[in-house]
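Trainee: Would you be able to build a 3D model of this:
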Amino acid sequence: MALPAPAISLRLFFLLAMAASATQAAATEAAPPCSTTESTSSSATTAFLRARCATTLYPDVCYDSLLPYASTFQISHVKLAVAAADVAAAHLRAFKTRIKDLLLHRGGVSSEEAAATGAGARVEAALHDCASTISAAANLAKRSSAELTRLDAATASTESSTSTAAAGWSRQARWQVSNAKTWLSAAMTNEGTCSDGFEHAGAAATASPAGKEVAASVASVTQHTSNALALVNGIPL
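Mentor: Residues are numbered from 1 along each chain as shown. Coordinates of the predicted model:
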């Protein structure tokens, strides 16, 4: 016995709805999660960063300081070196600001201690020298970053160049990398000059609160600058 027309339509509606639901579920199951590509990319970047930091003198400092900027360099040697130079410059600028604070408080040397040892004037002179040399170091690190940024832009523009143009770019790239190395090396020299200034000021200056803080800070910023230099050395040309 045939079903009435309304019953047929209702049954057909349910059959179509079930088929559509099954198709959607199958498509959803077949499609990879949205985060899979991002996860793979992130894993590749962190693996790249670990491998590059392993070539530096301070791999843990390198990895921890540069991981927050992973999205900016991904697996690019040049962009990684740019980030490292920027991090070094930022630490040097912060150090320079701290030196100015120490100068405002006369290096933490009490008036009694200054009168007894004469350390106050020597500490202040050493801090003034440090302010100058560390400021210069920060500028040199930033200059290295700018040079490497130009290198990165040139790299992108020569990917489809002729062999003659590519050869010219290679010479220019070597020159730019050499400049970045020179400026980072000079920054490290300036950092060492800051420490030397306190040693030359005498034991009382070196043992002062400012002397101890400066020594620790120089050790810290030198690690970042050294790492940046190592990563520039690792740029394939």
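
Trainee: Please make it C-alpha for all contacts and neighbour counts, starting now.
Mentor: Will do.

Trainee: residue contacts, residue 99?
Mentor: Contact partners of residue 99, counting by Cα atoms under 8 Å, 6 or more residues apart in numbering, are 127, 130-131, 214.

Trainee: For the residues you listed, which two are the farthest from each other?
Mentor: Farthest-apart pair in the contacts of residue 99 is 131 and 214; separation 10.7 Å (Cα to Cα).

Trainee: Between these two, point out the one with more neighbours.
Mentor: Counted by other Cα atoms under 10 Å, residue 131 and residue 214 do not tie: residue 214 has more neighbours, with 24 against 21.

Trainee: so where do the helices sit in the protein?
Mentor: Along the chain, the segments classed as helices by DSSP state H run 5-30, 35-53, 59-66, 70-73, 77-104, 111-117, 119-157, 163-201, 203-207, 209-233.

Trainee: export these to a markdown table and tack on mean pLDDT?
Mentor: Below are the helices of the chain laid out as a markdown table (pLDDT from 0 to 100):
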| stretch | mean pLDDT |
| --- | --- |
| helix 5-30 | 45 |
| helix 35-53 | 80 |
| helix 59-66 | 98 |
| helix 70-73 | 96 |
| helix 77-104 | 97 |
| helix 111-117 | 52 |
| helix 119-157 | 93 |
| helix 163-201 | 88 |
| helix 203-207 | 91 |
| helix 209-233 | 97 |
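
Trainee: Tell me the spacing between residue 173 and residue 146.
Mentor: Distance, residue 173 to residue 146, by Cα to Cα, to the nearest Å: 13 Å.

Trainee: More neighbours: the two, which one.
Mentor: Between residue 173 and residue 146, counted using other Cα under 10 Å, residue 173 has the larger neighbour count: 22 against 17.

Trainee: Find the nearest non-adjacent residue to that one, please.
Mentor: Using Cα to Cα, 6 or more residues apart in numbering and skipping the chain neighbours, the partner closest in space to residue 173 is residue 151 (6.2 Å).

Trainee: Quick one: residues contacting the one you found.
Mentor: Residues in contact with residue 151 (Cα under 8 Å, 6+ apart) are 78, 173, 176.

Trainee: Tell me, how many residues neighbour residue 149?
Mentor: For residue 149, the neighbour count with other Cα under 10 Å is 18.

Trainee: Provide the count of other residues in contact range of the closest residue to it other than its chain neighbours.
Mentor: Distances taken as Cα to Cα, 6+ apart put residue 82 closest to residue 149, at 6.5 Å, once the chain neighbours are dropped. By other Cα under 10 Å, 28 other residues sit near residue 82.

Trainee: all numbers from here: first residue = 726
Mentor: Taking 726 as the first residue, the last one we looked at is residue 807.

Trainee: Check the gap between residue 807 and residue 950 for me.
Mentor: Relative to residue 950, and taking Cα to Cα, residue 807 is found at 12 Å.
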